[in-house]
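[1] The sequence and its predicted three-dimensional model are supplied below.
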Amino acid sequence: MRILVIEDERKVASFIKRGLEEERYIVETAADGEAGLDLALNNHFDAIVLDVMLPKLDGYSVLGALRDNGKATPVLMLTARGTMEDRVQGLDLGADDYLAKPFHFEELAARLRSILRRSSTEKTTKLQCGDLTLDMVTHFAYRDEKEIELTTKEYALLEYLMRHKNRILSRSMIMQHVWKHNFDPESNIIDVYIKRLRSKVERPGHPSVIQSIRGVGYRIREGGALDTDEGDEEA
Ligand code: CA
């Protein structure tokens, strides 16, 4: 999942980014309110970590502008000011939760998981597709009860495919949800990662779960790819 961190203190921003990357999120950062709002309005993020005290545009204004523009992306606000009025103002503007600085990373990660769960139709911590399971807490995949270790990008890609199983996902949709916003759309990076993912999750003698749809994109399919008329091209 893609997370935007809007925080001007470089040390705090990189601390959050590093931690979230270890938790297998794809993380982008913005160092002021204007840049953050621009990124948030023009890209897909699954959640935003938003500091209150920011240069150019403060966190409340960013949040207000997001909601005014119809963006419902879950927001976790970071506030150094612990007064009741500040917390209430954030929640009234449509923040999903807040966290007072200083905080422990574990608490930020837990609150983020919680707002992501609330915004998701899936309330579970595991995704299932046939005999393939993805554990969203440990970040391991399992097939035939064998543990499969995934890199951050492989995990993000598999999670996106599995959340939308049986649906054809175009390369540009995958790009928007799994890669950073400034990625070259002409690149063949998605195909490269799909190939890596297949080498980890596909099993000889079993139907393939990740299907290529020629000229369009990919689909992960329950029960595997049985008909081949859509073309199961191999990279
Ligand atoms: Ca700040």
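    Noted; the coordinates are in hand. A quick note: this is a predicted structure, and the numbers were derived from the prediction, not measured. Residues are numbered from 1 along each chain as shown.

[2] For the rest of this, base every contact and every neighbour count on C-alpha atoms.
    Fine.

[3] give me the beta-bridge partners of the residue lying closest to Pro74 once chain neighbours are set aside?
    In space, and not counting its chain neighbours, Pro74 is closest to Ala47: 4.8 Å by CA to CA, 6 or more residues apart in numbering. When assigned by DSSP bridges, Ala47 has beta-bridge partners Ile3.

[4] go on, Lys126?
    Counting by DSSP bridges, Lys126 is bridged to Asp135.

[5] pretty sure it is touching Thr133, no?
    Yes - using CA atoms under 8 Å, Lys126 is in contact with Thr133, at 6.8 Å.

[6] So which of those two has more stuff around it?
    Thr133 (19 against 15; other CA atoms under 10 Å).

[7] in a helix, that's where that one is, yeah?
    No - using DSSP: H, G, I helix; E, B strand; the rest coil, the secondary structure at Thr133 is strand, not a helix.

[8] how about it, what does it touch?
    Lys126, Leu127, Ala141, Tyr142, Arg143 (CA atoms under 8 Å, 6 or more residues apart in numbering).

[9] Pretty sure the second one sits against His164.
    No - Leu127 lies out of contact with His164 (CA under 8 Å); the separation is 10.2 Å.

[10] neighbour count winner among the two?
    Legend: neighbour count by other CA under 10 Å for Leu127 and His164, higher for Leu127 (17 against 14).

[11] Not counting residues beside it along the chain, what's closest to that one?
    In space, Leu127 is closest to Leu134, 5.0 Å off (CA to CA, 6+ apart).

[12] my guess is that neighbour contacts Arg143, does it?
    No - proximity of Leu134 to Arg143 does not meet the contact threshold set by CA under 8 Å, at 9.0 Å.

[13] which one of the two has more residues nearby?
    A direct count of neighbours by other CA under 10 Å for Leu134 and Arg143 places Leu134 higher, at 22 against 17.

[14] Now do the same contact list for the closest residue to the ion within the chain.
    Nearest residue of the chain to the ion: Met53, at 4.2 Å (CA to the ion). Shown in contact with Met53 (CA under 8 Å, 6+ apart): Gly59, Thr79, Ala80.

[15] what residues are up against the first one?
    Spelled out, it's Gly59. Listed by CA under 8 Å, 6+ apart, the contact set of Gly59 reads Gly33, Leu50, Asp51, Val52, Met53, Met77.

[16] any idea which of these is the one closest to Lys71?
    When the contacts of Gly59 are ranked by distance to Lys71 (CA to CA), Leu50 comes first, at 14.3 Å.

[17] In a strand, that closest one, correct?
    Yes - Leu50 sits within a strand when classified using three-state DSSP.

[18] any chance you could map the strands in the chain?
    2-6, 26-30, 47-51, 75-79, 97-100, 126-129, 132-135, 141-143, 146-148, 169-170, 210-213, 217-220 (DSSP state E).

[19] Serialize these to TSV and add fields for mean pLDDT and distance to Pro204.
    Output for the strands of the chain, formatted as TSV (pLDDT from 0 to 100; distance: least, CA to CA, whole Å):
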stretch	mean pLDDT	distance to Pro204
strand 2-6	97	32
strand 26-30	96	31
strand 47-51	97	37
strand 75-79	92	43
strand 97-100	88	46
strand 126-129	88	17
strand 132-135	92	14
strand 141-143	93	12
strand 146-148	93	14
strand 169-170	88	25
strand 210-213	90	13
strand 217-220	92	17
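
[20] For those, give me TSV that also has distance to the ion.
    TSV is the format used below for the strands of the chain (distance: least, CA to the ion, whole Å):
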stretch	distance to the ion
strand 2-6	9
strand 26-30	11
strand 47-51	6
strand 75-79	8
strand 97-100	12
strand 126-129	35
strand 132-135	34
strand 141-143	37
strand 146-148	39
strand 169-170	37
strand 210-213	43
strand 217-220	40
